[in-house]
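# Fold the following for me, if possible:
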Amino acid sequence: MASWRVEGKYMEACNCETVCPCIFFSPPTEGQCTAFIVWEVDKGNRGDVRLDGLRAALLAHAKGNMKNGNWQVALYVDERANDAQREALSAIFSGGAGGHLSALGPLIGEVLGVRPAKISVMRSGKQTSFSVAGVADTAIAPIEGQGGGPVTVSGHPLAVVPGVPFLVHRSERLAVKDYSLACAVEGRSGFTAPFVYEA
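Here you go, the predicted structure:
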């Protein structure tokens, strides 16, 4: 299996109140959690396949406490990628190629699908908008902390990106509709962080 490494920006929104309690192994605020995640690869490769500038996205749904597993998930890979890049993105961001994301595998109960899609990211001032065309759309902005500084969370046990502080955001909106998953909320939880995965 070819070695690989990807680094870039992770962003997430979900239907829980800020801050999402799932990252502390606590029950979701609405009794269930629907999360939308995008990874923007600034630099990366799997073997000799370059992944710079490409994106992947994930929908994840848990009917109760996320630590109990049985998640439903759907993975989307950048439609701009060629066949080799799509295969690499699918392997890395599903956890199939090893690395940190493979640790989430035991929590997944059903894979709803894996397919290419248009994944967009836009930044305007402090706001970050990200979407999968026809599937999910959100806009998040960081919460202002003491003295106007950032609010961060670190060391939480359920981390998509381990070992780095997450910047806490609040969403202006989150709309999801694909497969059996759907939600439409405002003013809920969001996170961003840099990521590095490798194996």
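# Quick one: residues contacting the spatially most central residue of the chain.
Centroid-nearest residue in the chain: residue 37, 2.2 Å away (criterion: C-alpha atoms, centre = their mean). Applying C-beta atoms under 8 Å, 6 or more residues apart in numbering, we find residue 37 in contact with 10, 11, 12, 57, 58, 59, 60, 160. For the C-beta atoms, the positions are set from N, CA and C on the backbone; glycine is no exception.
# Surely it is in a helix?
No - under DSSP: H, G, I helix; E, B strand; the rest coil, residue 37 falls outside any helix and is assigned strand.
# For it, name its beta-bridge partners.
residue 12, residue 58 (DSSP bridges).
# before we move on, back to that, most widely separated two among the contacts of residue 37?
For the contacts of residue 37, with distances taken as C-beta to C-beta, the pair at the greatest spread is 10 and 59 (14.9 Å).
# Not counting sequence-adjacent ones, nearest residue to residue 196?
The spatial neighbour of residue 196 that comes closest, neighbours along the chain excluded (C-beta to C-beta, 6 or more residues apart in numbering), is residue 7 at 4.4 Å.
# For the strand or helix carrying the one you found, what is the distance to the chain centroid?
Assigned by DSSP states H and E, residue 7 falls within strand 4-14. Its chain's C-alpha centre lies 7 Å from the corresponding centre of strand 4-14 when counted by C-alpha atoms, centre = their mean, to the nearest Å.
# for the record, mean pLDDT for that strand?
The average pLDDT within strand 4-14 is 98.
# In the host helix or strand of residue 175, which residues are buried?
Assigned by DSSP H and E, residue 175 falls within strand 166-178. For strand 166-178, a neighbour-count test (16 or more other C-beta atoms under 10 Å) marks 166, 167, 168, 169, 170, 171, 172, 174, 175, 176, 178 as buried.
# The helix or strand following that strand packs against which elements?
Sequence-wise, the next helix or strand downstream of strand 166-178 (DSSP H and E) is strand 181-185. On a contact count with 3 or more C-beta pairs under 8 Å, 6 or more residues apart in numbering; DSSP states H and E, strand 181-185 meets strand 33-46, strand 166-178.
# The shortest one pairs with which strands?
Pointing back at strand 166-178 there. strand 136-142 (antiparallel), strand 152-153 (antiparallel), strand 181-185 (antiparallel), strand 189-198 (antiparallel).
# That strand - what's its average pLDDT?
pLDDT averaged over strand 166-178 gives 98.
# go on, stretch 61-77?
The average of the pLDDT scores along stretch 61-77 is 97.
# now swap in stretch 129-143 and tell me
98.
# So for that stretch, first residue to last residue, what's the gap.
Length of stretch 129-143, first residue to last, C-alpha to C-alpha, to the nearest Å: 15 Å.
# farthest residue from the center of this protein?
Here the chain reaches farthest from its C-alpha mean at residue 147, the gap being 29.0 Å by C-alpha atoms, centre = their mean.
# if I look at that one, how far off is residue 177?
39 Å (C-beta to C-beta, to the nearest Å).
# Same check on residue 67?
26 Å.
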